[in-house]
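Colleague: mind folding the following:
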Amino acid sequence: MAYRFTGMIRAHRWPCPAGELSVVGFVRSPRGRALFITEVAQMTRCSGAAQHPIPPAVQEAYGPADLGSMPLFGGGFINFGYWQGIDLDQPLSEHDRICSQQALYRHVLSAMAPTEGLRALEVGSGLGVGAAVALEEYRFAHVTGMDIHPQQLRRAEQVNSGLLARRPEQLLFAHGAAENMPFGDDTFDCVYSVEAAQHFRDLGAFAQETARVLRPGGRAVVTSFFVPDAEPARAGRLAELLDTLATGLDVAHTVPLLTSSLERVGLTGVSVTSIGASVWPGWDRWLAGMWEPGTWPRNFLRAFREGTLDYFTVTAERPAV
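Modeller: Just a heads-up that it's a prediction; the model follows:
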C-alpha cells in the first residue's frame, strides 16, 4: 500500500542488539490527519528482530476471522473481562461487557502505579484500545503497542487514528513477537500484557525479552489464563473441554512455568494473584446469551471449577542498579 503525503515524517529509533530499529511513525497529511504507517515493508529492522512465525490458528483468529469484530468482544477489546462490581444477576448489556474489559486493563495498569511520565510496552496489543486507556488514563509519557499480526496493527491504526493525530509523540504501534521484541535493551519502564500470554509459544523467551527491554527498576505485569499447577494431565483435559486449546490457538501454559521463567532471567518480587472468581462467572454469564449449556465455550467456567484452569495476574520487577 502506498501513501502520498507531503507533510512531516516523524521517525522513532531504538538501538538493537545487532543494529538499529527505525520505525516510520506518523505522517501529517495536508488536511492535518496523522497516520501511522504499519506496513511491514516500511519498517527497517535490525537483524536481531527477525520476524517470528505466526501460528496458523492465531493467524486465522486475528487475521481473516477478525476476532475483535465479533459481538463476543465489544468495544474493540479482546479479553474475557474483569466483572467485579457488575451485577451478574441482572441482564447484561454491551455496556457491561465493554466495562468488564476496560476493568481488566485498569486492574493491570493500576498494578504498575505510579505510572506518570513512564514509558510502557504492551505485548500483544491487538486493536490498541487498551494502549489508549493506558495513555489517556494513566499519564504515561509514551506507550508502545506491539503485536505479532500485521493486520491487527493496521486495525489498531484505524481504530486509534484520532488519538494518533492528537498525541503523535506519545503512541506507537510496532510489529514484533513476544519471544523476539524489536527494541533495544533498557527501553521501557513498564512491560504489560493483557490476555495474550496464552498465545505465546515460549514463555522462557518472553521472560528473557521482558527482562532485556525493561530498564533497571522497571515493572512487568502479565494477566491471562493458565493451568494452576504442573499436573501433566491438565493439558489433555483442557483440550477435551476447550476448542481453543485443542486447535492450538491457546497453549496450556502453567503459572509455575511463567513464574520460574521470570525468576530465571533475574526478575525479582515475582507475585501471583488468582483473579478467576472475578473473571470466569461473569464471562460465562455473558456467553449464556449466545451459547447453550454444554457447548464448548461454556466449559471455561467448568474448567475453573474443576481446578484445571484459572486466571492470574503475575507481577515482577527488574532490580534497580
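Colleague: tell me the confidence at the most centrally placed residue in the chain?
Modeller: Centroid-nearest residue in the chain: Gly124, 3.2 Å away (criterion: C-alpha atoms, centre = their mean). What the model reports for Gly124 is a pLDDT of 97.
Colleague: now for the closest residue to it other than its chain neighbours: which residues touch it?
Modeller: In space, and not counting its chain neighbours, Gly124 is closest to Ala196: 2.6 Å by C-beta to C-beta, 6 or more residues apart in numbering. C-beta here means a position set from N, CA and C on the backbone, and glycine is covered the same way. Ala196 makes contact with Val123, Gly124, Gly126, Ala178, Ser224, according to C-beta atoms under 8 Å, 6 or more residues apart in numbering.
Colleague: try Val321
Modeller: So Val321 contacts Pro216, Gly217 (C-beta under 8 Å, 6+ apart).
Colleague: tell me the predicted confidence for it.
Modeller: 81.
Colleague: one more: Arg28?
Modeller: For Arg28, pLDDT reads 31.
Colleague: how about Pro281?
Modeller: So, for Pro281, pLDDT stands at 98.
Colleague: residues touching the nearest residue to Phe200 once chain neighbours are set aside, list them.
Modeller: Spatial nearest neighbour of Phe200, excluding adjacent residues (C-beta to C-beta, 6+ apart): Ala178 at 4.7 Å. Contact analysis of Ala178 by C-beta under 8 Å, 6+ apart lists Val123, Gly124, Ile148, Ser193, Ala196, Ala197, Phe200, Ala205, Phe206, Glu209.
Colleague: how about a cut-off of 7 Å?
Modeller: Listed by C-beta atoms under 7 Å, 6 or more residues apart in numbering, the contact partners of Ala178 are Val123, Gly124, Phe200, Phe206, Glu209.
Colleague: which two in the residues you listed are spaced the farthest apart?
Modeller: Gly124 and Glu209 (12.6 Å; C-beta to C-beta).
Colleague: which one of the contacts of Ala178 is nearest to Ala320?
Modeller: Relative to Ala320, and with distances defined as C-beta to C-beta, the nearest of those is Glu209, at 19.7 Å.
Colleague: so where do the strands sit in the stretch 51-200 of the chain?
Modeller: 119-123, 142-147, 171-175, 188-194 (DSSP state E, counting those that start in this stretch).
Colleague: so which of these comes closest to Leu262?
Modeller: strand 188-194 (11.0 Å).
Colleague: state the distance from Arg212 to Arg264.
Modeller: 13 Å (C-beta to C-beta, to the nearest Å).
Colleague: repeat for Tyr82
Modeller: For Tyr82 relative to Arg264 (C-beta to C-beta), the value is 29 Å.
Colleague: what's the answer for Ile148, then?
Modeller: 23 Å.
Colleague: higher neighbour count, those two?
Modeller: Each of Ile148 and Arg264 has its neighbours counted (other C-beta atoms under 10 Å); Ile148 has more, 25 against 12.
Colleague: can you give me the neighbour number for the residue nearest to that one when sequence neighbours are not counted?
Modeller: The spatial neighbour of Ile148 that comes closest, neighbours along the chain excluded (C-beta to C-beta, 6+ apart), is Ala177 at 4.8 Å. Residues lying near Ala177 (other C-beta under 10 Å) number 24.
Colleague: partner residues bridging Ala177?
Modeller: For Ala177, the beta-bridge partners are Asn180 (DSSP bridges).
Colleague: Asp250: what's it in contact with?
Modeller: Gln198, His199, Thr244.
Colleague: quick one: secondary structure of it?
Modeller: What DSSP: H, G, I helix; E, B strand; the rest coil gives for Asp250 is coil.
Colleague: just Ser224 next, same as before
Modeller: strand.
Colleague: measure Cys221 to Ser69 for me?
Modeller: Just so we're on the same page, residue 221 is Val rather than Cys. Val221 is 27 Å from Ser69, by C-beta to C-beta.
Colleague: kindly report the same for Ile98.
Modeller: 14 Å.
Colleague: more neighbours, the two?
Modeller: Ile98 (17 against 12).
Colleague: what sits closest to that one if chain neighbours are left out?
Modeller: Per C-beta to C-beta, 6+ apart, closest to Ile98 is Gly75, 3.7 Å.
Colleague: so which helix or strand takes in Val314?
Modeller: Assigned by DSSP states H and E, Val314 belongs to strand 310-317.
Colleague: just the pLDDT at Met70, thanks.
Modeller: pLDDT at Met70 comes out at 84.
Colleague: what count of nearby residues applies to it?
Modeller: 11.
Colleague: and for Arg119?
Modeller: Counted with other C-beta under 10 Å, Arg119 comes out at 17.
Colleague: quick check: closest non-adjacent residue to it.
Modeller: His142 (4.7 Å).
Colleague: start to end distance for stretch 57-68?
Modeller: 15 Å (C-alpha to C-alpha, to the nearest Å).
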